[in-house]
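**Student:** Build the 3D model from these lines:
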Amino acid sequence: MRRLGLAALLLVALVTCKREAETEQTPSSEPVASASAPVAPSASAAPSAELVSKPMLWEVSTAGGKSYLFGTMHVGVEADHLPKVVWAKVNETTTFVMEADVSDPLAMTGMAKEAMLPPDRDLQKELGPELWAKTVKAAGGALPDAMLAHFKPWFVVVTITAQLMPKTQPMDSSLQKKAKEEGDKLAYLESWQEQVRMLDQAIDMDVLKDTVKNFEDEKRMALGMHRAYLDGDAAALEKVAFEPDEMKSHPKLYDLLFFQRNDRWVPILQQHLEKGGVFIAVGAAHLLGPRGLVAQLGKKGTAVQRVP
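**Tutor:** Here you go, the predicted model:
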């Protein structure tokens, strides 16, 4: 199974937003502390001081000037472990573009509500004793069991993913903060509502069941993605993210998480790139493969090359 690793690479930033928002919904601070504080990290999730050896960074040249496409790993790699060239490009550009503004307080409260199951549903009952026990174990104590049972499958899957990655601040948010400090213009490719709708459609109960049934495989895949990202190995990352058999087995998930979004983003990015001076930060898998942003922009005649 590859789905859990994909969620980690693309969408875990939503978990950070959701956890902050839980203070709006929880009657006491104790459950919030349990949900927000990382559990004691396992060997696979231990913080790493290892630096990224080669960033997923591409230079884009248009008549308006140079811009940059940067592939992030939403969690698992500290932003200050990125090479200096990444920060230099954020510094030299004047517009910063990312997937969605998950720092928006309205997004936090909105996602908190959207992540909850209807009152008449309960994951513990729907999964049954065996799968529920596996789900609780996979979540690693990130949320109290009673709270976990009332979240939608997509949120539970992304929460599980977060436990497999080293405990870090979201890379995208750190880059956004730097751009804000420099006074850059900020722009977003989609709304948090669009991200939540896409997650709800793509990650259903069947995906959650597959995730917990194949948890060890998912763990190995997540770690493989993490290793490829640290090494700057785009080919290895693409191989893991777009495994052909998995894509054939789950075409809807890939279409919703990757391809439809890439297709929507390309014309928006072109408008920004024509002006030059833009730093674009999106999940790294969006840049890769024949339907990735790098390939699509290249086919449209835009000069794109990886920064050495």
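**Student:** contacts for the helix or strand hosting D263?
**Tutor:** Using DSSP states H and E, D263 sits in helix 260-275. Helix 260-275 is contacted from outside by 60, 62-65, 67, 95, 97, 187, 189-190, 198, 278, 280, 282, 286, 291-293, 296-297, 300, 302, using Cβ atoms under 8 Å, 6 or more residues apart in numbering. Placement of C-beta: from N, CA and C, glycine included.
**Student:** change it to 7 Å
**Tutor:** Helix 260-275 is contacted from outside by 60, 62, 64, 67, 95, 97, 187, 189, 278, 280, 286, 291-293, 296-297, 302, using Cβ atoms under 7 Å, 6 or more residues apart in numbering.
**Student:** how far does it sit from the chain's center?
**Tutor:** 19 Å (Cα atoms, centre = their mean, to the nearest Å).
**Student:** That one: which residues count as buried?
**Tutor:** Under the neighbour-count criterion of 16 or more other Cβ atoms under 10 Å, helix 260-275 has 261-262, 265, 269, 272-273 buried.
**Student:** cool, stretch 184-191 as well?
**Tutor:** By neighbour count on 16+ other Cβ under 10 Å, the buried set for stretch 184-191 is 184, 187-190.
**Student:** all strands for the stretch 1-150 of the chain, in order.
**Tutor:** Along the stretch 1-150 of the chain, counting by DSSP state E, counting those that start in this stretch, strands occupy 57-62, 65-72, 95-98.
**Student:** which stretch among those strands comes nearest A149?
**Tutor:** With Cβ to Cβ as the measure, strand 65-72 is the member of the strands of the stretch 1-150 of the chain nearest A149 (31.4 Å).
**Student:** between the closest one and strand 57-62, how big is the angle?
**Tutor:** Counting by axes from the mean of the first three to the mean of the last three Cα atoms, to 10 degrees, strand 65-72 lies at 150 degrees to strand 57-62.
**Student:** so where's this structure uncertain?
**Tutor:** Along the chain, segments meeting pLDDT under 70 span 1-49.
**Student:** go with 50
**Tutor:** Scanning the chain with the threshold set as pLDDT under 50 gives 1, 8, 12, 15-45, 47.
**Student:** Could I get the CA-only coordinates of the strand or helix carrying D172 as CSV?
**Tutor:** Using DSSP H and E, D172 sits within helix 171-181. The C-alpha trace of helix 171-181 is given here as CSV (Å, rounded to 0.1, in the frame of the first residue of the first chain):
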residue,chain,number,x,y,z
MET,A,171,7.9,22.8,6.3
ASP,A,172,5.3,24.8,4.3
SER,A,173,4.3,26.9,7.3
SER,A,174,8.0,27.7,8.1
LEU,A,175,8.6,28.9,4.5
GLN,A,176,5.4,30.9,4.6
LYS,A,177,6.5,32.6,7.8
LYS,A,178,9.8,33.6,6.2
ALA,A,179,8.0,35.0,3.2
LYS,A,180,5.7,37.0,5.4
GLU,A,181,8.6,38.4,7.4
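**Student:** chain center to that helix: distance?
**Tutor:** The chain centre lies 15 Å from the centre of helix 171-181; the measure is Cα atoms, centre = their mean.
**Student:** What is the burial count for G71?
**Tutor:** Neighbour count of G71, defined by other Cβ atoms under 10 Å: 25.
**Student:** Tell me the spacing between it and K84.
**Tutor:** The gap separating G71 from K84 is 17 Å, by Cβ to Cβ, to the nearest Å.
**Student:** follow-up on the earlier one: any idea which of the strands of the stretch 1-150 of the chain gets closest to K209?
**Tutor:** Nearest to K209 among these is strand 65-72; the distance by Cβ to Cβ comes to 28.9 Å.
**Student:** neighbouring contacts of that closest one?
**Tutor:** 55-60, 86, 89, 93, 171-172, 273, 276-284, 287, 293-294.
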